[in-house]
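>>> pasting the sequence and the predicted coordinates here, then a few questions.
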Amino acid sequence: MLRQAFRFALVGVVNTGTYYLIYLGLREIIPYLLAHVSAFVLSMIGSFFMNTYFTYRVKPTWKKFLLFPLTNVTNFVITTVGVFMLVSWASMDERIAPLVAAAAAIPVTFLVSRKVMIPGTEPEPTLGRADSTPVS
């Protein structure tokens, strides 16, 4: 589990960088909270694939793909409330607040995502295939 936690942290760094670059770009054209939500969704899709292949070394399946956003509900709530509170109440810079809020959500996200990604005993259809044959 320690190795998985380390790989999860590496994926988190890449994912946070991706999120942050998308957020900064979108913030120039839309309000900061909408930029946050949009960047969060896009980076979560990338996170799913990085975590399946690199962190947990499992095959992506439709079931995992559909459940993965649920693993990020806590992360989303913590970061969204955190961004709002840090910007509105603490007068933190809109460019820095998402990074601070994201750091608070990391441990919970790891534990929940691990439960979704570790393969279960029942066969699941894989992404891109109608049958349950793993994607190679």
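Cool, got the structure.

>>> quick check: buried residues in stretch 58-77?
59-61, 63-65, 67-68, 71-72, 75-76 (16 or more other Cβ atoms under 10 Å). All C-beta atoms are positioned from the backbone trio N, CA, C, and that covers glycine.

>>> distance from that stretch to the middle of the chain?
8 Å (Cα atoms, centre = their mean, to the nearest Å).

>>> need the nearest residue in space to the one residue sitting closest to the centre of the chain, chain neighbours excluded.
Closest residue to the average C-alpha location of the chain: Met44 at 3.9 Å, with Cα atoms, centre = their mean. Nearest residue to Met44, sequence neighbours excluded (Cβ to Cβ, 6 or more residues apart in numbering): Asn72, at 5.5 Å.

>>> show the subsequent helix or strand relative to the longest helix along the chain.
Of all the elements of type helix in the chain, the one with the most residues (DSSP state H) is helix 2-27. Moving toward the C-terminus from helix 2-27, the next helix or strand (DSSP states H and E) is helix 32-50.

>>> list of residues touching that following helix?
By Cβ atoms under 8 Å, 6 or more residues apart in numbering, the residues outside helix 32-50 that reach it are 11, 14-16, 18-20, 22-23, 26-27, 30, 60, 64-65, 68-69, 72, 76, 79-80, 83-84, 87, 94, 98.
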